[in-house]
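Asks: Please find the sequence and the predicted model below.
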Amino acid sequence: MDKVRVRFAPSPTGPLHIGGVRTALFNYLFAKHNNGEFLLRIEDTDQTRFVPGAEEYIQKSLEWVGISPDESPWNPGECGPYRQSERKGMYMEYAQKLIDEGNAYYAFDTPEELDAMRERLKKAKVATPQYNGITRMQMKNSLTLPEDDVKRRLESGEPYVIRLKVPRKEEVRLNDMVRGWVMVHSHTIDDKILMKSDGMPTYHLANVVDDHLMGITHVIRGEEWLPSAPLHVLLYQYLGWEDTMPRFAHLPLLLKPDGHGKLSKRDGDRLGFPVFPMQWADPSTGDISQGYKEDGFLPEAFINFLAFLGWSPGNNDEMFTLEKLVEVFTIERVGKAGTKFDYDKAKWFNQQYLKEKPDTELAQYLLADLEKEGIECSPEKAALVANQLKERVVFPNEFWPEGKFFFQQPDSYDEKTVKKKWKPEAVEVLAKYKDAIVAMDNADFNAASAKSTFMGLIEDAGLKLGQVMPALRLAISGKGMGPDLMIMQEIIGKEEVAARIDVAIEKLEA
RNA sequence: GCUCCGUUCGUCUAGGGGUUAGGACGCCAGGUUUUCAUCCUGGUAGCAGGGGUUCGAAUCCCCUACGGAGUGCCA
């Protein structure tokens, strides 16, 4: 058995969306599970749709999630080039072979003539107007025109395309790894254009030729390609490559979370969550679309979530690192039905991974935000703060807004809590507590000593915890809820705690 | 319209002739916690419908319905 080689073949027509990333991921997982290679090929045969920056975006996105290809335009292997536009000269040879063997032909119809043909057929109530075994005999092509006329047109430089001559009556079968045997009658396939008038191949030809030349053993792509897969099978047959034809696996589509239809680039703005792995600025409009990376998703959470869109390990396990996914991933466990995207579950995955991260690593996110705010902080303190916060947030970029009070005096006090819990008897205890800690040695002040001091005073006053604790929290953080109050104080420090109590009393008693 | 593909809790899914149809997210309730979050426990909710085959169907077959994709000198 040849070495497994798969490819991800995006078009650089804009940012990759999560459906594309999932396709890339499944390709990667399949390749690595089988000790194979994962390559990337840029399918840029449509020059009119080229979007600057799209290719770089694809590269960066795959890098971010950790599934960089073994061969690609920016890391070429033996089978280059890896951009179809740069392979332009390679395709005509194969188109010519098809023509020579009677499996393809030249066509000279203009777009207007094609439109007219389709209109005519529609009026005649033909179910599916197509350029096929019947209609091609009424069009302008090398099958209907005299040989010398064809020759003259070709030599005069008249624009032409090359079309596949699809047989009239033939059953085309393919054994899809996800869907099993799929069979279509050749008369439902039309004479697809193989070479465009600009000299570029269409997807169909380029795809088959390149996959063959690059030694691709398995084609794993979205279900939207299933209807044209029989056409590709035909091409492999006519090109004489049937014995090395790759196996196909058509992945279920990613659907809109609400309503119906394929998930699209616009859905992100409409539904309020990203559909792109990374932020994308549209070069023509300047519009910015949010991305998972910038929104605070950890790549391992993003990958884990994506893997479960259309695949499952077959047991109840849910947490899988990329390495673990490689180990257990098989195409057999890919489902057939379309999959709706659930953002809540994506967030849950992120939180699970966030909680497991070491404090020192999480501290980096906080440190970065603090630097932007111009606040100095030691890595040690940042780690302590992250530790207190990590089980209460979903995204690392919430550390700063959620933990502001670790670094700054509260600029306001939660009204509801003030109203309910800022009572004279509590304030009295607070004042005593402040005096008590001011009298303490700095070295003696910590969560434990703060707690025993505070508890002692509450007991002396004949009050309960719940009557005083919220007032202290309010004074320190301005909030009615948050992390452990005693640990908070230890991190913030004795002097600052005392100062904040003073400020709170002053402000709230005014 | 036509061709192809699909359909298990709201969502992601396990289960492929005999299961109390399992798990996860969400939601609800209770517990833990000074509070919130985390965490723990429990609950809610599903085999699209109809025919077969079979002692027995979520599971196999057929039909219907619904959904999706494709139907371009786009990929």
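Replies: Perfect, I can see it now. Numbers count the residues shown, from 1 in each chain, chains lettered A, B, ... in the order given.
Asks: mind listing what the nearest residue to residue A:161 once chain neighbours are set aside touches?
Replies: Computed as CB to CB, 6 or more residues apart in numbering, the closest residue to residue A:161 that is not its neighbour in sequence is residue A:193, at 4.8 Å. The C-beta positions use only the backbone N, C-alpha and C, and glycine is treated the same way. With contact set as CB atoms under 8 Å, 6 or more residues apart in numbering, residue A:193 has these partners: A:107, A:161, A:162, A:163, A:202.
Asks: What distance do you get for residue A:193 to residue A:262?
Replies: Counting by CB to CB, to the nearest Å, the gap from residue A:193 to residue A:262 is 24 Å.
Asks: What of residue A:220?
Replies: Computed with CB to CB, the distance linking residue A:220 and residue A:262 is 18 Å.
Asks: tell me the SS of the residue of the stretch 251-400 of chain A found nearest RNA strand B?
Replies: The stretch 251-400 of chain A approaches RNA strand B most closely through residue A:260 (2.7 Å), counting by CB to the nearest atom of the strand. Of the three states, residue A:260 takes coil under DSSP: H, G, I helix; E, B strand; the rest coil.
Asks: Please identify the residue most distant from the middle of chain A.
Replies: For chain A, the largest distance from the centre (CA atoms, centre = their mean) belongs to residue A:460, which lies 58.6 Å off.
Asks: Just the pLDDT at it, thanks.
Replies: Looking at residue A:460, its pLDDT stands at 93.
Asks: What ranges in the stretch 251-400 of chain A fall below the confidence cut-off?
Replies: The stretch 251-400 of chain A contains residues with pLDDT under 70 at A:259.
Asks: Do you have the strands of the stretch 401-510 of chain A handy? List them.
Replies: Applying DSSP state E, counting those that start in this stretch to the stretch 401-510 of chain A gives no strands.
Asks: got the residues of it near RNA strand B?
Replies: Residues of the stretch 401-510 of chain A lying close to RNA strand B by CB under 7 Å from any atom of the strand are A:465, A:466, A:469, A:470, A:473, A:480, A:481, A:482, A:483, A:484, A:485, A:486.
Asks: so who does the fifth one touch?
Replies: With contacts taken as CB under 8 Å, 6+ apart, residue A:473 has the following neighbours: A:417, A:479, A:480, A:481, A:482, A:485.
Asks: Pull the number of nearby residues for the fifth one.
Replies: Think residue A:482. As a burial measure, residue A:482 scores 18 neighbours (other CB atoms under 10 Å).
Asks: my guess is it meets residue A:492, correct?
Replies: No - Residue A:482 is beyond contact range of residue A:492, at 11.8 Å (criterion: CB atoms under 8 Å).
Asks: which residues do these two both contact?
Replies: Shared contacts of residue A:482 and residue A:492 (CB under 8 Å, 6+ apart): residue A:405.
Asks: And the strands in the stretch 1-150 of chain A, which stretches?
Replies: For the stretch 1-150 of chain A, applying DSSP E, counting those that start in this stretch gives strands covering A:5-8, A:37-40, A:104-107.
Asks: deepest of the ones you listed, which one?
Replies: strand A:5-8 (a mean of 26; mean count of other CB atoms under 10 Å).
Asks: That one packs against which elements?
Replies: helix A:18-33, strand A:37-40, strand A:218-222 (3 or more CB pairs under 8 Å, 6 or more residues apart in numbering; DSSP states H and E).
Asks: And chain A, what are its domain boundaries?
Replies: Following automatic domain parsing, chain A resolves into domains at A:5-73+A:208-265, A:88-206, A:357-406, A:415-508.
Asks: Can you tell me which of the ones you listed is nearest to residue A:326?
Replies: Closest to residue A:326 of the domains of chain A, according to CB to CB: domain A:5-73+A:208-265, at 4.3 Å.
Asks: what distance separates that closest one from the centre of its chain?
Replies: Relative to its parent chain, domain A:5-73+A:208-265 has a centroid offset of 14 Å by CA atoms, centre = their mean, to the nearest Å.
Asks: what about it, how long is it end to end?
Replies: Start-to-end span of domain A:5-73+A:208-265 (CA to CA, to the nearest Å) is 29 Å.
Asks: Keep only the contacts of residue A:193 that also lie close to RNA strand B.
Replies: On the criterion CB under 7 Å from any atom of the strand, A:161, A:202 are the entries of these that sit beside RNA strand B.
Asks: coming back round to it: I'd like the contacts of residue A:473 laid out as TSV, including pLDDT.
Replies: As requested, the contacts of residue A:473 are exported to TSV (pLDDT from 0 to 100):
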residue	pLDDT
A:417	91
A:479	93
A:480	92
A:481	93
A:482	94
A:485	96
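Asks: rewinding a little: can you pick out the residue with more neighbours from residue A:220 and residue A:262?
Replies: A direct count of neighbours by other CB under 10 Å for residue A:220 and residue A:262 places residue A:220 higher, at 26 against 14.
Asks: Please identify which helix or strand holds residue A:352.
Replies: helix A:343-356 (DSSP states H and E).
Asks: Can you point out the buried residues in whichever helix or strand comes after that helix?
Replies: The C-terminal neighbour of helix A:343-356 among helices and strands, as given by DSSP H and E, is helix A:359-373. Within helix A:359-373, the residues scored as buried using 16 or more other CB atoms under 10 Å are A:359, A:362, A:363, A:365, A:366, A:367, A:369, A:370.
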